[in-house]
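A.B. asks: Could you look at this predicted model? Sequence included:
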Amino acid sequence: MGIAMKVLWLLPQALFQDRGFIKNPRQSLLDCKVASIRLRTGVAVGGSLDAGFECVFASPEFPESLAIDVLENVQVCVIGKYFFQNDPQQWLIACRLIKSRGIKLVVDISEFPFASSYPQIVHFYTEVLPMVDVLTVNSERMSKLLAEVVDFKAIVIEDAVLNAAVAPRFAPDRTVELLWFGHRTNLGYLQQILPTLLSFTAQRPCCLTLVTAVDAELTTIISQFNRQLPQSFRLRLEQWSIPRMQRALQVCDLVLIPGDSKDARKAGVSANRIVETLQAGRLPIASALESYLPFVDSAYLGPDLSAGIAWALKHPDQVLAKILNGQAQVSYGYTVERIAAQWCGVIAELANATPVSS
């Protein structure tokens, strides 16, 4: 057997500093609160370790982590999510150093960077894309968006699902338990559907649980909002964590996933929230984003999510059938094993064409 493939992973400072990460990089990445780190980088690293690759980790915010001995024999470097808190100059210096040593560069994109409100994100991707040897993305839609910016085709690797399938359930009480989960930057999409949702609750009481990053400001906003709402509609706020997320999926009846296909920043999102909902045995009620369309027979997709709730309540047997159909889709295309194998294939193919740095 030859020398093990050596892969460098560039990570944000906060991850790289964490003591738990140093002890167990795979688990730290899979436990990360950022979905793209958890479902993409974490799965890719885990698959690489299982495949026998030698994985080393560095952060451009710590130049010493990119010492010569770390870079020696590295064949491929992978950059997952780039955060607005990162210093673009430090990251670009690191990328140029890596390229100068003949190391091939993989950049993964899960949110369209050129619609970002953060100039440092736009700057970083503008400068780094010409250096890239392989560009990976989370959806076909993201590939199309980036095709307008770069002149080579991105490789689509979907987000993996980390949890085992749970038996479908749909048996709401008088009050329908609804769930929304995600990053707070997506709350605006939820706000857009609240008027129609509020109208619906005149027919059937609903409680909507929001699982996200909670702070005093958001708690105050939700409290004030609840005081203005009729008794038929309540909002509940829960701090995001993996255990809380799993519990919330088990106690809800339906999951709301609103979005806006006209918003370039989020138009290329992956189907991970659809997939996670189905795997938990619940029906997604979602906007018809392009990335969600493969699940048209496994979710309710449409412009009016309240109409989706009404449809589900009238067709409980079809709800269960949709969920079962969706879980079959997930078991075929979104498992950790399948997605990890795709990552390993991309890395190995690139490495096999790469002279080892010295």
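C.D. replies: Structure received. Numbering: from 1, shown residues only.
A.B. asks: name the element the closest residue to Pro316 other than its chain neighbours belongs to?
C.D. replies: Spatial nearest neighbour of Pro316, chain neighbours left out: Phe170 (5.3 Å); criterion: CB to CB, 6 or more residues apart in numbering. From N, CA and C alone the C-beta is placed, and that goes for glycine too. Under the criterion DSSP states H and E, no helix or strand holds Phe170.
A.B. asks: Phe170 contacts Leu320, correct?
C.D. replies: Yes: with contacts counted by CB atoms under 8 Å, Phe170 reaches Leu320, the gap being 5.9 Å.
A.B. asks: just to revisit the earlier point, contacts only, for the residue nearest to Pro316.
C.D. replies: Applying CB atoms under 8 Å, 6 or more residues apart in numbering, we find Phe170 in contact with 253-254, 282-283, 312, 316, 319-320, 323.
A.B. asks: Distance-wise, check it relative to Pro243.
C.D. replies: Applying CB to CB, to the nearest Å, the value for Phe170 to Pro243 is 23 Å.
A.B. asks: ok, now Ala348?
C.D. replies: The spacing between Ala348 and Pro243, counted by CB to CB, is 35 Å.
A.B. asks: between the two, who's got more neighbours?
C.D. replies: The neighbour comparison of Ala348 against Pro243 (other CB atoms under 10 Å) goes to Ala348, with 17 against 7.
A.B. asks: Regarding that one, what is its secondary structure?
C.D. replies: For Ala348, the secondary-structure state derived from DSSP: H, G, I helix; E, B strand; the rest coil is helix.
A.B. asks: Can you tell me the closest non-neighbouring residue to it?
C.D. replies: Counting by CB to CB, 6+ apart, Ala348 lies nearest to Met5, which is 6.7 Å off, once chain neighbours are set aside.
A.B. asks: Count the residues that sit near the residue lying closest to Ala280 once chain neighbours are set aside.
C.D. replies: The shortest distance from Ala280 to any non-neighbouring residue, by CB to CB, 6+ apart, is to Leu249 (3.8 Å). Other residues near Leu249 come to 20 when the count uses other CB under 10 Å.
A.B. asks: what's whichever helix or strand Leu187 is part of in contact with?
C.D. replies: Leu187 is part of helix 187-200 when elements are defined by DSSP H and E. With CB under 8 Å, 6+ apart as the test, helix 187-200 has contacts from 180, 206, 208, 210, 212, 229-230, 233, 256, 258-260, 266, 287, 304-306, 309-310.
A.B. asks: let's see 6 Å
C.D. replies: With contact meaning CB atoms under 6 Å, 6 or more residues apart in numbering, helix 187-200 is reached by 180, 233, 258-260, 304-306.
A.B. asks: what do you get for stretch 138-158?
C.D. replies: For stretch 138-158, contacts defined as CB under 6 Å, 6+ apart pick out 110, 112, 129, 135-137, 159, 268, 270, 290-291, 334, 342.
A.B. asks: hmm, which two among these are most spread apart?
C.D. replies: Largest separation among these by CB to CB: Leu129 and Tyr334, giving 27.1 Å.
A.B. asks: So these two - more neighbours on which side?
C.D. replies: Set side by side, Leu129 and Tyr334 show more neighbours around Tyr334, with 23 against 18, by other CB under 10 Å.
A.B. asks: Run a quick check on that one versus Asp159, I expect a contact.
C.D. replies: No: counting by CB atoms under 6 Å, Tyr334 stays clear of Asp159, with 7.4 Å between them.
A.B. asks: if I've got this straight, Glu238 is in a strand?
C.D. replies: Yes: secondary structure of Glu238 (three-state DSSP): part of a strand.
A.B. asks: gap between it and Tyr300?
C.D. replies: From Glu238 over to Tyr300 (counting by CB to CB), the distance is 24 Å.
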